[in-house]
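Trainee: need coordinates for the below:
(2 chains)
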2 protein chains.
Amino acid sequence: MRPERELIDLIREIISRDPEELLEPGRDDASARRLVDGIYVFNTDMVAEATDLLPGMSLRQLARKCVVSNFSDLAAKGARPLFFMASAGLSRDMSDEEFISVVKGLEEGSREFGAYFVGGDLGESRELVIAGFAVGKIESNLVKRSGAKPGDVLFTTGWFGLTWLAFQHLLGGMDLPSDVRVEALKAAYEPIARIQEGIAASAYASSSVDSSDGLYWSLEELSRASGFGFLVERIPLHPMVEMLASKGRIDPVEVAFHGGEEYEIVFSVPQDRVYSLEEEFSKEGLSLIRIGRVVEDRGVFVRLDGKVEEVEEGGWEHFKSRA
Amino acid sequence: MRPERELIDLIREIISRDPEELLEPGRDDASARRLVDGIYVFNTDMVAEATDLLPGMSLRQLARKCVVSNFSDLAAKGARPLFFMASAGLSRDMSDEEFISVVKGLEEGSREFGAYFVGGDLGESRELVIAGFAVGKIESNLVKRSGAKPGDVLFTTGWFGLTWLAFQHLLGGMDLPSDVRVEALKAAYEPIARIQEGIAASAYASSSVDSSDGLYWSLEELSRASGFGFLVERIPLHPMVEMLASKGRIDPVEVAFHGGEEYEIVFSVPQDRVYSLEEEFSKEGLSLIRIGRVVEDRGVFVRLDGKVEEVEEGGWEHFKSRA
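Mentor: The predicted structure follows:
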């Protein structure tokens, strides 16, 4: 591994210059900018090689995913990402090429979602660890997790299940048809942050969260924060996963609720705003799936064959599900 | 290790509520606040157990030091810290007590310097890694590294050498008189971020940097950024270190320039502002030491026994000096 200052020079060659930046990236060891009056959202999320680097995933993809997970949290609050910083712990045996891959992943992820990577800190650790910090600005409303009311309609910005399939394939040896495998791996290696959807939803939503820990945990968090329950009447299973489920190979509830590492936004909308929300999403070509509604009883529920059942804990949670 | 959500509940019990926070720490998984028009500074700095946990240092001290290193960078730019976030990678075998120590260190460090710890992210990694993220606001001027001009006077906010002694004692077995040992260990375990000094200096300084990588690197960075050189005419050696140096046990240049892990602010001030600067520091009871001046020739120099010598590289740098 080269000395830190040479690594910083490598970073300077890769990253785009943020026109709002008042300091010099890599020289001033911090980021500064003039912010106009408004509400800003700050988020941090980390990835570590041993825990988050899937088989076959590149370091560039891992780094990009760190950006996605941070921006996804901003989007769930209704914020547009402005810039991204990272502290990276590098292992001693990391090559220049690997280091450059990480920086390119951070740059690529930031630019892809309209923001800038403005540098950060390099340290030494036993494995590659990337801690991302994202700053965004609220465009219409700051949406919390706590605002849902019974009767509100429940939406998500996309289908679930592809990353669950990818994990089963990569870590459990599940055999997949080649077209499904391609889509599933893409979802796991190169997830998308739902920035436009999150911002559009924020004008209407009563509560919102991203689904990075799985749909179950998303709804459980919204339930815990609001004190009400969430009933899923239509399981938002990806069509490719639906097909496999129809062949009896997998359990749709397990896959949709307990997958995790998916970056859809899950949000509730008061009934009288649903029409406007759907109009706007349709007009802007944004992805929207109506999946259920908010109910009085606290908890997470699913309607299966006409019967309502409570969904139990089991989504992905650090230090637990992998124990 | 408990499940992540229980750990978050532990955090909620420990941290003070930031009155500016618009979301609920630990519930909303991000921080949000209204910011008024102004210049804001953002910094990230990480610590890792294997690299940064000194013998005899507690996890609470390590976590607090992570806050100090972030706030020190803000102060060097002239920013007052507003809040602090952290992504922590925890090893599986960490106990509740150890986890609580880390959170208390982050809380304590943030409050000590007038800011709030507002949460962050928990992940899993092979060793304890804490990546801090600090946000501050400029009170008078944003001070870069690049503005020094020949003739400017060079200042620092404190003495150097105590942490060098601590490292020699802890890692190299150097024997120290007990009063020196106490002071040295305090400097290494519980460094101070020079917030008030940094903000006061920012009204006058032409360039500024903190000295976390050692005085040599601080001056080298200021030299590289400005294109001019820095001549130290009075080595700012701590009196206790001076005493040992006078006994011939240590080399003052080595200790003052190549120590590192000290959080003094090193800054240059145009001559016509020096009087006002000294007046203000004196009036506010802030620590200030005049150590030299900016010269035409690029580089870092020291005057020793009347002769000017160039100081060579050798400060603490990740991936190098410890190779």
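
Trainee: now the helices for chain A?
Mentor: Remark: helices assigned in chain A by DSSP state H are A:4-14, A:49-52, A:59-77, A:96-112, A:162-172, A:178-189, A:195-202, A:215-226, A:239-246, A:252-257, A:271-283.

Trainee: the closest residue to chain B within the stretch 51-200 of chain A: how many residues sit nearby?
Mentor: Closest to chain B within the stretch 51-200 of chain A is A:Ala131: 3.2 Å, counting by C-beta to the nearest C-beta. Placement of C-beta: from N, CA and C, glycine included. For A:Ala131, the neighbour count with other C-beta atoms under 10 Å in any protein chain shown is 35.

Trainee: that one: what's it in contact with?
Mentor: A:44-46, A:86-89, B:44, B:46, B:87, B:89, B:121, B:129, B:131, B:133 (C-beta atoms under 8 Å, 6 or more residues apart in numbering or on different chains).

Trainee: residue ranges with poor pLDDT in chain A?
Mentor: Counting by pLDDT under 70, chain A contains low-confidence residues at A:314-323.

Trainee: domains for it, by residue range?
Mentor: A:4-138, A:153-310 (automatic domain parsing).

Trainee: which of these is buried the deepest?
Mentor: Across the domains of chain A, the average number of neighbours (mean count of other C-beta atoms under 10 Å in any protein chain shown) peaks for domain A:4-138, which reaches a mean of 22.

Trainee: between the two ends of it, how far is it?
Mentor: 35 Å (C-alpha to C-alpha, to the nearest Å).

Trainee: that domain: how far from the chain's middle?
Mentor: The chain centroid and the centroid of domain A:4-138 are separated by 15 Å under C-alpha atoms, centre = their mean, to the nearest Å.

Trainee: how about stretch A:283-296?
Mentor: 17 Å.

Trainee: mind exporting the C-alpha coordinates of that stretch to CSV?
Mentor: Provided in CSV are the C-alpha atoms of stretch A:283-296 (Å, rounded to 0.1, in the frame of the first residue of the first chain):
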residue,chain,number,x,y,z
LYS,A,283,-46.8,11.5,-15.3
GLU,A,284,-43.1,11.3,-14.3
GLY,A,285,-42.8,7.6,-15.2
LEU,A,286,-41.8,6.6,-11.7
SER,A,287,-42.3,3.2,-10.3
LEU,A,288,-45.2,2.7,-7.8
ILE,A,289,-46.9,-0.4,-6.4
ARG,A,290,-49.9,-0.2,-4.1
ILE,A,291,-49.5,-3.0,-1.6
GLY,A,292,-51.9,-2.5,1.3
ARG,A,293,-53.0,-0.2,4.0
VAL,A,294,-52.5,1.0,7.6
VAL,A,295,-54.7,-0.7,10.2
GLU,A,296,-55.5,-0.1,13.9
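
Trainee: who touches that stretch?
Mentor: Where contact means C-beta under 8 Å, 6+ apart, the residues beyond stretch A:283-296 that reach it are A:148-159, A:194, A:196-197, A:200, A:226, A:228-236, A:268, A:277-278, A:280-282, A:301, A:303.

Trainee: quick check: closest non-adjacent residue to the most centrally placed residue in chain A.
Mentor: The residue lying closest to the centre of chain A (C-alpha atoms, centre = their mean) is A:Tyr263, at 3.2 Å. Distances taken as C-beta to C-beta, 6 or more residues apart in numbering or on different chains place A:Ser72 nearest to A:Tyr263, at 4.1 Å, with adjacent residues excluded.

Trainee: so that neighbour touches A:Ser208, yeah?
Mentor: No: proximity of A:Ser72 to A:Ser208 does not meet the contact threshold set by C-beta atoms under 8 Å, at 11.2 Å.
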